[in-house]
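Novice: Structure of the sequence below:
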Amino acid sequence: MRKLTRRTMLAGAAATAATALAPIPGLHRFAKADACIQSLKDFLVAADQQQLTGADRETIVTQAIKLLDGFYCHLPIKQKLYNVDPLGRLRQLQIRAAQFNSDRPFHAEMMEIFTELHDMHTRYRPPTPYGSAHAFLPFRVEACKEDGRRKYIATLVLDNFITQPTFVRGVEILQWNGDPIEQAIARAGGEGATLDARNAVGLARLTYRALQLQAVPDADTVRVRYRTDDNRELDIEIPWKVWSVSNDCSICTTAQIQNFGNFLFAPYNLCDDVIKSETHTTPNGDTFGYIRIYSFPMPPADPDQFVQKFRSAIAQFTNAKGLIVDVRDNGGGSIRLSERIVQWVAPTPGAIEPSKLYFRATQAALDLCQLPMSVVGGLGLPPDGSTAWVPSIQRALQNREPFSDAFHYTADGDANTSGRQPFPRPVIVVTDALTFSSAEFFAAGFKDHGGKILGVHETTGGGGANFRQLTDLGKYFTDSGMPSPFAALPNGAGFQVAFRRSKRVGLGAGKEIEDAGVERDFAHEMTRDDLLNKNQDLKNHAAALLAQM
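Specialist: All right, here's what the predicted structure looks like:
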């Protein structure tokens, strides 16, 4: 997955000047001048000119079967948990693949098969031009609780794209294409692993879809009913736009759900500025440190630099009464980065134990682990790969067991820096259902070593795995001088797959993150003031809890 930045999306001579702290009108000026923006209808007309052949579609389905059958670590559990048969559906589609008159229904069916797994690490990516295309509406909707009921608020609006002067920041969204807003959210969030995750993903997807990951919107426009501040109910019809971009920095899957909105509305560059810190002063004058981590960049250009930046952010708050670490909407990235920083905030005086990872026991997984260490070192194998997962997978295959044993991925030395001094005052971590993947590893590591979680939702997103692209897995083999298990995919199509599961440790031993997430200790209901005033109620709630620790 690639991360969007202002510089990427404001292509042209003015990009550098607009990158940081650009006012929204400036963004509009460049956006409207950029030929990469077009209507959804025009985008689909162009996309239909780049049809696959029947043989291309058969190749895509065949490789999907090989990938899930050989490498997908969650397969037996997902089949039972969700009563799905992805391999059976793919084999049926394989028979019909050459019979489609258009690629669009083929891509939709492929995406549906993967969506049923409720696994945002494991995805089908349609070919060009979908891979660089982002469908968006020029506003964002977020949820809060007010007057005892859940409300959905337009928190950010790109005015120059909205022609109706009453549709402004703060209006309440009531209906979506004639349906109650809750129904629209439920339909849009299919692949989340937990109910909260499905709702959070559905809410984000109402106004933004990365077309390399999500299906094309059903219609060219949406019809929205909203309530104004003076209690009028009005309707507006807003067209979908498509922005085709080149992507330039890498992260994990679900961060892209929020990154387009962050690009449009936030005054920072997410690829370079993933850690933001500030002092929060409560109404009674007490001060607390507040650190927001937006992602754990993958692959990190300099892992030590990220860790040092986090430590430096903490150091400025040693005189504060406590520290709030906020990983809401953090779609993940590097597991090792996320686990390395647990040691600086976890309250335990003892050693930090990293989480453990394990493979589904298949011949393909065994073949992968037996490749030379010089090639697969990035998999996180121990210094001698033959001493851990290899014999474990062999035993599991011999005994017809579904999984290997679990071993550490992050090195003990990286998780326990010599002479480390954790933050000296109470720390609380804030999560939501869009806290995903390596951000969940961070939250789990913190909680499993005695830390407390303040959650906007009951659990995090439920994505506990490593993932790789199909092309990455194939390259491990070809770099070893062996044939790839996969054929080349046509026109930039692709897949990514969760190939190794995780186990929690410490106080969470016996629990898993996949399909369960990391549970909260304290609950926070987002308020209108949170949505429209930089999370003030959330920060005050976290500060009150810290004061009691």
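
Novice: what's the burial count for Pro391?
Specialist: Around Pro391 sit 14 other residues, with neighbours defined as other C-beta atoms under 10 Å. (Glycine included, C-beta is placed from N, CA and C.)

Novice: Check Lys80 too.
Specialist: Lys80: 9 neighbours (other C-beta under 10 Å).

Novice: what do you get for Phe310?
Specialist: Using other C-beta under 10 Å as the criterion, Phe310 is surrounded by 21 other residues.

Novice: SS state for it?
Specialist: Using DSSP: H, G, I helix; E, B strand; the rest coil, the secondary structure recorded for Phe310 is helix.

Novice: what about stretch 484-496, how long is it end to end?
Specialist: Its first and final residues considered, stretch 484-496 spans 16 Å by C-alpha to C-alpha, to the nearest Å.

Novice: for it, the distance to its chain's centre please.
Specialist: Computed by C-alpha atoms, centre = their mean, to the nearest Å, the chain-centroid distance of stretch 484-496 equals 22 Å.

Novice: what's it in contact with?
Specialist: Contacting residues not belonging to stretch 484-496 are listed as 1, 50, 52-53, 56, 59-60, 62-64, 66-67, 70, 121-128, 131, 253, 364, 367, 467-471, 473-475, 477-478 [C-beta atoms under 8 Å, 6 or more residues apart in numbering].

Novice: Okay, buried residues for that stretch please.
Specialist: Neighbour-count burial for stretch 484-496, counted by 16 or more other C-beta atoms under 10 Å, picks out Pro485, Phe486, Leu489, Asn491, Ala493, Gly494, Phe495, Gln496.

Novice: That stretch - what's its average pLDDT?
Specialist: The average of the pLDDT scores along stretch 484-496 is 96.

Novice: same check, this time on stretch 68-79
Specialist: Throughout stretch 68-79, pLDDT has a mean value of 98.

Novice: Next, the buried residues of that stretch.
Specialist: When neighbours are counted by 16+ other C-beta under 10 Å, the buried residues of stretch 68-79 are found to be Leu68, Gly70, Phe71, Tyr72, Cys73, His74, Leu75, Ile77, Lys78.

Novice: end to end, how far does stretch 143-157 reach?
Specialist: End-to-end distance for stretch 143-157: 15 Å, by C-alpha to C-alpha.

Novice: from the middle of its chain, how far away would it be?
Specialist: Centre-to-centre, stretch 143-157 and its host chain are 23 Å apart (C-alpha atoms, centre = their mean).

Novice: can you check stretch 472-486 too?
Specialist: Its chain's C-alpha centre lies 27 Å from the corresponding centre of stretch 472-486 when counted by C-alpha atoms, centre = their mean.

Novice: So which bits of it are buried?
Specialist: Taking 16+ other C-beta under 10 Å as the neighbour-count basis, stretch 472-486 is seen to contain the buried residues Leu473, Gly474, Tyr476, Phe477, Ser480, Pro485, Phe486.

Novice: which intervals of the chain have sub-threshold pLDDT?
Specialist: 1-36, 245-272, 300-301, 381-386 (pLDDT under 70).

Novice: ok, longest helix in it?
Specialist: With DSSP state H setting the assignment, residue counts place helix 54-71 as the longest helix in the chain.

Novice: Can you name the residues in contact with it?
Specialist: Here helix 54-71 makes contact (C-beta under 8 Å, 6+ apart) with 52, 75, 86-87, 90-91, 93-94, 97-100, 103, 106, 110, 113, 122, 124, 360, 362-365, 368, 470, 473, 485-487, 489-491, 493, 495, 497, 499.

Novice: try 7 Å
Specialist: When contacts are taken as C-beta atoms under 7 Å, 6 or more residues apart in numbering, the neighbours of helix 54-71 outside the stretch itself are 75, 86-87, 90-91, 93-94, 97-98, 100, 106, 124, 362, 364-365, 470, 473, 485-487, 489-490, 493, 495, 497, 499.

Novice: which ones among these are found in helices?
Specialist: Mapping the contacts of helix 54-71 onto helices (DSSP H) picks out Leu75, Pro86, Leu87, Leu90, Arg91, Leu93, Gln94, Phe106, Ala364, Ala365, Leu470, Leu473.

Novice: List only those of these flagged as buried.
Specialist: Buried by 16+ other C-beta under 10 Å: Leu75, Pro86, Leu87, Leu90, Leu93, Gln94, Phe106, Ala364, Ala365, Leu470, Leu473, out of the ones in helices among the contacts of helix 54-71.

Novice: Any idea what Ile453 is bridged to?
Specialist: Listed by DSSP bridges, the beta-bridge partners for Ile453 are Val429.

Novice: from memory it sits against Thr431, does it?
Specialist: Yes: Ile453 is in contact with Thr431 according to C-beta atoms under 7 Å; the separation is 5.7 Å.

Novice: Neighbour count for the two, which is higher?
Specialist: Neighbour tally, Ile453 and Thr431, criterion other C-beta under 10 Å: the higher count belongs to Thr431, 32 against 22.

Novice: Kind regards, and thank you for your time.
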